[in-house]
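Asks: coordinates only, sequence not included:
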DNA sequence: GTAATTGTTATGGTCAAGTAGAACACTAGT
DNA sequence: ACTAGTGTTCTACTTGACCATAACAATTAC
């Protein structure tokens, strides 16, 4: 059972933090299809937020096809996020870590790093990704609606 | 003279987009100390935003010690951001671009990429950077208050 | 069937951020 | 002095996020 935690100091709104945590848990395999999310009322207590806030998060996840709410029983994980192989994830993290160190050495602040990342992501949009197919297709096909 | 462009679809507020653009221009050397920023009213017209929005951006930059507003004359660049060498910046961008391609191939969505970047940045905070000094110190010392 | 547990909807209110419009104040060129 | 160009201030509106409360609806266990 995933444990939520909401940081009110974070600029990211509470409901969005919940969404993010579920998505990350899916990536890391902490949550799998069939798992149940904490009851709305539990999150209300544990995170000191309002039921509407939790609902908003759950709704957003449901809309993305990641979970399914069953009145009376709970909210269950139905979709997958193509759970990146732990090995791949580790490799990516190491690579990124190395790059970040390089960027910092060049004098970039965290904020600038984020800006650069955003710029690069925008610069090569989805369309460009089609050309890349080096066996990524299989892994991508295993995914479900979330990103759509 | 820098040219602003505001994307209202972006989740980032208009004033923040302006701030980011100035900071990026400083990094890239597009803006140098002494340069004048576009007049508030010009930005109002070219970006279809309100004077207050522009003011808010300029104020934030001024508060960061990057620019100085002189009533009646204009807003001028006074600080530097340690302008990353164009060569270094190009190298970083290429490296990041390569990494992003790899991440996408592994199935990560843009949102997840950003989350991972944030995580890595948080994981190795400023303190850890002191160990890295491979000649980065000189460049870092050339900077001014902006990041503080 | 009843009760407990769960998700859901509705109403209304608070608060902060972002934005807008109009008027004001300073500076420089003529 | 006048004027055009500049930054600045004031007030108010809109929106999104959030909270409080209450009632409703479906499922499950007894």
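Replies: Thanks, I have it. The structure presented is a predicted model; accordingly, all values stated were derived computationally and were not measured.

Asks: Show me how the record splits chain A into domains.
Replies: A:14-77, A:86-143 (automatic domain parsing).

Asks: so which of these comes closest to residue B:1?
Replies: domain A:86-143 (21.1 Å; C-beta to C-beta). Every C-beta, even on glycine, is put in place using the N, C-alpha and C of the backbone.

Asks: residues from chain A in reach of DNA strand C?
Replies: A:37, A:39-42, A:51-52, A:55, A:58-59, A:62, A:69-75 (C-beta under 7 Å from any atom of the strand).

Asks: One more pass at 6 Å, please.
Replies: Selection of chain A residues close to DNA strand C by C-beta under 6 Å from any atom of the strand yields A:39-41, A:51-52, A:55, A:58, A:69, A:71-75.

Asks: Can you pull the phi/psi pair for residue A:18?
Replies: When quoted as degrees, to the nearest 10, the phi and psi of residue A:18 stand at phi -60, psi -50.

Asks: How about residue A:108?
Replies: Dihedral angles (degrees, to the nearest 10) for residue A:108: phi -80, psi 140.

Asks: wait, it sits on residue A:116?
Replies: Yes - applying C-beta atoms under 8 Å, one finds residue A:108 in contact with residue A:116, separated by 7.2 Å.

Asks: overlap in contacts of the two?
Replies: residue B:92 (C-beta atoms under 8 Å, 6 or more residues apart in numbering or on different chains).

Asks: List the ones among the residues of chain A next to DNA strand C that fall in helices.
Replies: A:40-41, A:51-52, A:55, A:58 (DSSP state H).

Asks: which of the residues you listed count as buried?
Replies: A:40, A:55, A:58 (16 or more other C-beta atoms under 10 Å in any protein chain shown).

Asks: Which pLDDT does the model give the last one?
Replies: Per-residue confidence for residue A:58 comes out at a pLDDT of 97.

Asks: Tell me how far it lies from DNA strand D.
Replies: According to C-beta to the nearest atom of the strand, to the nearest Å, residue A:58 stands 13 Å off from DNA strand D.

Asks: now, which of the residues of chain A next to DNA strand C sits nearest DNA strand D?
Replies: Nearest to DNA strand D among the residues of chain A next to DNA strand C is residue A:72, at 2.4 Å by C-beta to the nearest atom of the strand.

Asks: can you confirm residue A:99 is in a helix?
Replies: Yes - counting by DSSP: H, G, I helix; E, B strand; the rest coil, residue A:99 is part of a helix.

Asks: Please report the distance of the residue most central in space within chain A from residue B:102.
Replies: Nearest residue to the geometric centre of chain A (C-alpha atoms, centre = their mean): residue A:23, 3.1 Å. In this view, residue A:23 and residue B:102 are 20 Å apart by C-beta to C-beta, to the nearest Å.

Asks: circling back to that earlier point, could the buried ones among the ones in helices among the residues of chain A next to DNA strand C be laid out in JSON lines, adding distance to chain B?
Replies: Compiled in JSON lines, these are given as follows (distance: C-beta to the nearest C-beta, whole Å):
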{"residue": "A:40", "distance to chain B": "24"}
{"residue": "A:55", "distance to chain B": "21"}
{"residue": "A:58", "distance to chain B": "18"}
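
Asks: Where does pLDDT dip in chain A?
Replies: Filtered on pLDDT under 70, chain A yields the residue ranges A:82-83, A:125-148.

Asks: Please identify which helix or strand holds the residue nearest to the centre of chain A.
Replies: For residue A:23, the host element (DSSP states H and E) is helix A:14-28.

Asks: So which bits of that helix are buried?
Replies: A:14-27.

Asks: can you narrow those residues to ones near chain B?
Replies: By C-beta under 8 Å from any C-beta of the partner chain, the members of the buried residues of helix A:14-28 lying near chain B are A:20, A:23-24, A:27.
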